[in-house]
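> Here you go, sequence then predicted model.
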Amino acid sequence: MGIIITQTHARIGIDRTYSKMEIETQNARFKLHQNHAKVEIETELPKIEIDQYEAFASAGLKNHLDLAREIAQKGRQNALRYIGKVADDGDALAAIENGGNLIPELAKRDSYKTHEFNIDAIPKASPKVSVSGGLEIDFPQDYRRIIHNGVEGIFIPPYFDLKYTPEKIKIYLEQYASIKIDYVENKIDTYV
């Protein structure tokens, strides 16, 4: 007679999930928006103009047109003065009732020129000085907006997210232990 013993060992199964930590962060942010102030500046460089014509003219240095006008004016005055002198002399000669010998007296008077002397300074007129040019400042925006300059700020807070998955260990019996005993009949012929 035969006996067969079969043994199956027990097996343990282990499933393990490792712990896991996920961190998601975002730093705080501050966004600024600013309208820049605008100032428009227009400048014209200064120019100094000095007109010395009047000063030179008072010293006798004139342009041709003014010199011709002055000479014509003086000629007219001298002509009128001479006409007046001749008229006075004619009136004096015509007045014979006053007596006297006027012709030698008039000839003596006209034979010598009398000059008048005076001390003067030139130029009599000062130069004309004029200054042109300038600076113009313009604010194209409303002055109330320029005071705070349109600054706007937006604060975005920080963001922090933490996800933690704990470790898991699962132990289970994968195969049970067993013993199996079988009886096998002996088929060997022992009679010979």
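Now that the structure is in, tell me what you want to look at.
> Against residue 133, how distant is residue 42?
11 Å (CB to CB, to the nearest Å). Every residue, glycine included, has its C-beta placed from N, CA and C.
> Just to check, residue 151 is in contact with residue 32?
Yes - contact criterion CB atoms under 8 Å: residue 151 and residue 32 qualify, at 6.7 Å.
> Going along the chain, name the strands of this structure.
In the chain, the segments counted as strands under DSSP state E are 2-8, 11-17, 20-26, 29-33, 40-51, 128-138, 152-156, 159-165, 168-175, 178-184.
> strand partners of the second one, parallel vs antiparallel please.
Strands flanking strand 11-17 in the sheet, each with its direction: strand 168-175 (antiparallel) (DSSP bridges).
> what's in contact with the partner strand?
8-17 (CB atoms under 8 Å, 6 or more residues apart in numbering).
> now those residues: which count as buried?
Listed as buried from the contacts of strand 168-175 is no entry at all; burial here means 16 or more other CB atoms under 10 Å.
> Closest one of those residues to residue 183?
residue 8 (18.4 Å; CB to CB).
> List the beta-bridge partners for the closest one.
residue 178.
> measure it to residue 172 for me?
In terms of CB to CB, residue 8 sits 17 Å off from residue 172.
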